[in-house]
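# got a predicted structure plus its sequence, pasted below:
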Amino acid sequence: MKELGEELKELSKKNLLRKLTCIESSRGSKISINGKTCVNFSSNDYLGLSSHPEIVKAAASALKKYGFGSGASRLLSGTYAPHVKLEERLANFKKTEAALVFNTGYAANTGIIPAITGEDALIFSDELNHASIIDGIRLSKAKVKIYRHRDVNHLESLLKINLKSKRRLMITDTIFSMDGDIAPLKDIFSLCERYDALLMIDDAHGTGVIGKTGRGGLEHFGIKQTDRIIQMGTLSKAAGCFGAFIAGPKDLINLLISKARSFIYSTSLPPAVAAAAAKAIDLIEFESEDRRRKLWINRQRLSEGLLKLGYDTLGSETPIIPVLTGDTKSVLKVGEYLFKRKIFAPAIRPPTVPEGKCRIRFSVTAAHTKEDIDLLIGVLKKSA
Ligand SMILES: *Cc1c(COP(=O)(O)O)cnc(C)c1O
């Protein structure tokens with residue numbers, strides 16, 4: 001194992017060694033680390049639903065009825081009533097014919113992309129798409145054209161010269177997870193129609209957050225679901241639960257049940273998780289208007305504060321607000337500085353972001369108070 005030790009040393013020298021932070025307790029926007037209470041600016045629990053009493057109650061009553069583990073994969077004896085109910089609920093929420101639950105967003109993306117493409121397919125992918133999309137593309141063996149971030153002209157030029165492939169799939173994050181900007185879905189969808197490509201959106205950060213009723217990217221842009229559109233989303237971010245899904249045409253979902261390897265060869269989510277997630281979707285659709293409003297007010301307050309201090313927030317338009325710091329060494333320093341002042345916001349380094357684009361990624365939620373946000377801005381002001 002000598003080589004592994006050397007590799008670790010090498011990573012450490014480059015300031016690229018990663019470490020886990022253990023959280024001892026959590027309440028609202030506060031977490032406790034090493035006995036110290038910090039304000040958490042790194043959670044994707046945008047609406048603060050993870051501790052919502054109705055979600056906890058739904059999980060608890062399913063636990064009593066079904067026990068904890070599901071005991072098998074979905075195609076064996078791992079499909080319980082809460083899974084089926086959740087899928088119906090998701091299809092209804094995303095306005096699609098059907099939906100299929102995956103264990104994680106990572107599993108959804110690495111499952112669907114190889115299942116619907118192959119060597120004769122061509123995939124168009126934004127250069128800042130999430131790692132799980134990149135890995136799904138690698139597994140698919142399809143050819144891939146990477147277009148410049150959110151650049152529809154570049155995308156169109158690539159679509160134009162690549163008209164021969166049997167299947168053409170265009171994939172983009174709705175909200176980019178490390179930059180907090182939004183893909184121009186309307187223009188992208190028009191191009192998909194013009195050049196006959198399928199559109200897949202990864203709505204992990206959009207679901208619950210954008211659109212009047214929290215339905216995500218399509219609702220935000222006023223795009224109607226058609227057979228050309230595949231919606232991926234997670235239940236682990238704004239829904240405050242765990243798991244993910246693909247929503248789309250019935251034929252697509254049936255194909256995934258027979259072909260998506262991450263779906264077939266993995267034990268299904270505990271039924272209690274599915275029951276909690278179905279409740280979370282109800283809350284997002286019918287009872288989260290106030291939470292969403294608070295989320296966006298908080299977002300505005302933090303964003304304005306950071307811009308006033310002169311920080312480059314990379315065109316963030318959402319509750320994900322990055323602050324560019326440059327190299328690996330300086331970003332680690334900023335992270336430590338913040339932690340000493342009771343703010344938890346991790347340093348993001350390559351390969352999560354490109355070389356030289358290290359950043360602190362702040363994510364703001366509805367659970368933050370005005371005081372939380374002012375504390376962060378005050379601390380940054382002193383450092384400037
Ligand atoms: C978080 C995330 C995923 C992965 O979802 P998990 O359920 O955490 O595995 C996929 N895509 C994007 C854009 C994400 O931000």
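Noted; the coordinates are in hand.
# quick one: distance of stretch 173-193 to the chain centre.
14 Å (C-alpha atoms, centre = their mean, to the nearest Å).
# no wait, stretch 284-300
Using C-alpha atoms, centre = their mean, the offset of stretch 284-300 from its chain centre is 18 Å.
# buried residues, that stretch. List them.
With burial defined by 16 or more other C-beta atoms under 10 Å, the residues of stretch 284-300 counted as buried are 284-285, 288, 291-292, 294-296, 298-299. For glycine as for every other residue, the C-beta is placed from the backbone atoms N, C-alpha and C.
# quick one: name the residues of the chain near the ligand.
104-106, 109, 130, 132, 173, 177, 202, 204-205, 234, 236, 244 (C-beta under 6 Å from any ligand atom).
# quick check: Ile360 touching Ile343?
No - contact status for Ile360 versus Ile343: not in contact, 9.5 Å apart, counting by C-beta atoms under 8 Å.
# which stretches of this protein form strands?
25-27, 30-33, 36-40, 98-102, 121-126, 143-147, 167-173, 198-202, 229-234, 244-248, 320-326, 343-344, 347-348, 358-363 (DSSP state E).
# contacts for the last one, please.
Looking back up the chat, that one is strand 358-363. 41-44, 46, 178, 302, 306, 314, 319-328, 330-331, 334-335, 338, 345-350, 353, 376 (C-beta atoms under 8 Å, 6 or more residues apart in numbering).
# next, count neighbours for Lys212.
Residues lying near Lys212 (other C-beta atoms under 10 Å) number 10.
# ok, and the closest non-adjacent residue to it?
Glu219 (6.3 Å; C-beta to C-beta, 6 or more residues apart in numbering).
# by mean pLDDT, which helix or strand of the chain comes out lowest?
strand 25-27 (a mean of 88; mean pLDDT, DSSP states H and E).
# would you map out the domains in the protein?
Domain assignment for the chain, taken from automatic domain parsing, gives 21-47+289-383, 53-286.
# buried deepest among these, which one?
Counting by mean count of other C-beta atoms under 10 Å, domain 53-286 has the highest mean neighbour count of the domains of the chain, with a mean of 20.
# now do that one, average pLDDT.
Across domain 53-286, pLDDT averages out at 97.
# and the residue nearest to Leu191 when sequence neighbours are not counted, how far from Ile171?
Nearest non-adjacent residue to Leu191, counting by C-beta to C-beta, 6+ apart: Glu156, 5.5 Å away. Using C-beta to C-beta, to the nearest Å, we find Glu156 at a distance of 16 Å from Ile171.
# now do the contacts for the residue nearest to Lys212.
Applying C-beta under 8 Å, 6+ apart, the residues contacting Glu219 are 210-213.
# please name the residues that touch the residue of the stretch 51-200 of the chain found nearest the ligand.
As assessed by C-beta to the nearest ligand atom, the ligand sits closest to Gly105 within the stretch 51-200 of the chain, at 2.1 Å. Gly105 makes contact with 130, 132, 202, 204, 232-234, 236, 244, according to C-beta under 8 Å, 6+ apart.
# now do 6 Å
Neighbouring residues of Gly105 by C-beta atoms under 6 Å, 6 or more residues apart in numbering: 204, 234, 244.
# for Val39, same thing?
Val39 neighbours (C-beta under 6 Å, 6+ apart): 29, 343, 372.
# again, only using 10 Å
Applying C-beta atoms under 10 Å, 6 or more residues apart in numbering, one finds that Val39 lies in contact with 28-31, 338, 341-345, 368-369, 371-373, 375-376, 379.
# excluding its backbone neighbours, what's nearest it?
The shortest distance from Val39 to any residue other than its chain neighbours is 4.7 Å, reached at Asp372 (C-beta to C-beta, 6+ apart).
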